[in-house]
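Sharing a model that was predicted from the sequence below.
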Amino acid sequence: MKGLMIYSNGMEDSEALSTRALLKRAGIDVITATINKDLKVKTAFDQVVLADLDLKHINALEFDFLIIPGGGYITRVIDEDTWIKKTILDFYNQDKLIGAICAAPRFLGRLGLLDGMDYTAFPGSEKEALNGNYLINQKVVVTPRFITARSAGAIIEFVYSLVSKIKSEKDAKALLENIIY
């Protein structure tokens with residue numbers, strides 16, 4: 001299994017970097033992509049990281065799932081964005097799993113993909129998914145198409161759910177044992 005994670009300037013450090021690190025620890029390949037031509041991404045807390053690929057050259061057929069970390073960047077880009085939404089729709093139209101944490105479910109809501117669906121997100125983000133069923137007290141919500149998580153405080157549960165869905169619950173439990181959770 002191989003996944004794609006979108007990197008954006010201002011992404012929440014732990015939601016991107018910890019999620020990727022834990023998935024790789026679980027034996028899941030995660031490739032990163034950004035719209036930044038030089039592939040450099042500056043996180044919300046000023047770390048500079050290098051993405052693997054240019055998002056504009058991604059073929060969703062080459063991946064099994066998509067992950068979108070949250071962060072303050074979403075408020076700044078959601079109205080003008082075309083590439084993140086295009087990528088989400090490519091994965092969605094191919095019936096692939098999409099994971100979104102914190103404010104990232106706003107993209108899904110803006111696209112109407114959460115209509116009639118249970119989901120969670122950072123409080124306030126539910127305004128983008130008026131026809132979804134927002135579960136504010138849930139750290140993670142798993143549906144057949146999406147795994148959404150409330151915030152950076154839910155990273156472990158988010159990754160556990162991703163590993164359970166992508167590999168198996170046995171592998172997810174092994175990951176938690178490995179990190180002494």
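It's in.

Which parts of this protein are strands?
2-6, 29-34, 40-42, 48-50, 53-54, 65-68, 97-101, 118-119, 133-134, 140-142, 146-149 (DSSP state E).

List the contacts of the lowest-mean-pLDDT helix or strand in the chain.
The helix or strand with the lowest mean pLDDT-type score in the chain, counting by mean pLDDT, DSSP states H and E, is helix 73-77 (a mean of 94). Outside helix 73-77, the residues within contact range by CB atoms under 8 Å, 6 or more residues apart in numbering are Ser8, Asn9, Gly10, Met11, Ala44, Ile84, Ala103, Ala104, Arg106, Phe107. (Glycine included, C-beta is placed from N, CA and C.)

JSON lines please, covering the strands of the chain and showing mean neighbour count, distance to Lys127 and mean pLDDT.
Shown next, in JSON lines, are the strands of the chain (neighbours: other CB atoms under 10 Å; distance: least, CB to CB, whole Å; pLDDT from 0 to 100):
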{"stretch": "strand 2-6", "mean neighbour count": "22", "distance to Lys127": "22", "mean pLDDT": "98"}
{"stretch": "strand 29-34", "mean neighbour count": "19", "distance to Lys127": "26", "mean pLDDT": "98"}
{"stretch": "strand 40-42", "mean neighbour count": "17", "distance to Lys127": "27", "mean pLDDT": "98"}
{"stretch": "strand 48-50", "mean neighbour count": "13", "distance to Lys127": "30", "mean pLDDT": "98"}
{"stretch": "strand 53-54", "mean neighbour count": "14", "distance to Lys127": "31", "mean pLDDT": "97"}
{"stretch": "strand 65-68", "mean neighbour count": "25", "distance to Lys127": "18", "mean pLDDT": "98"}
{"stretch": "strand 97-101", "mean neighbour count": "27", "distance to Lys127": "15", "mean pLDDT": "98"}
{"stretch": "strand 118-119", "mean neighbour count": "21", "distance to Lys127": "13", "mean pLDDT": "98"}
{"stretch": "strand 133-134", "mean neighbour count": "18", "distance to Lys127": "9", "mean pLDDT": "98"}
{"stretch": "strand 140-142", "mean neighbour count": "21", "distance to Lys127": "17", "mean pLDDT": "98"}
{"stretch": "strand 146-149", "mean neighbour count": "28", "distance to Lys127": "15", "mean pLDDT": "98"}
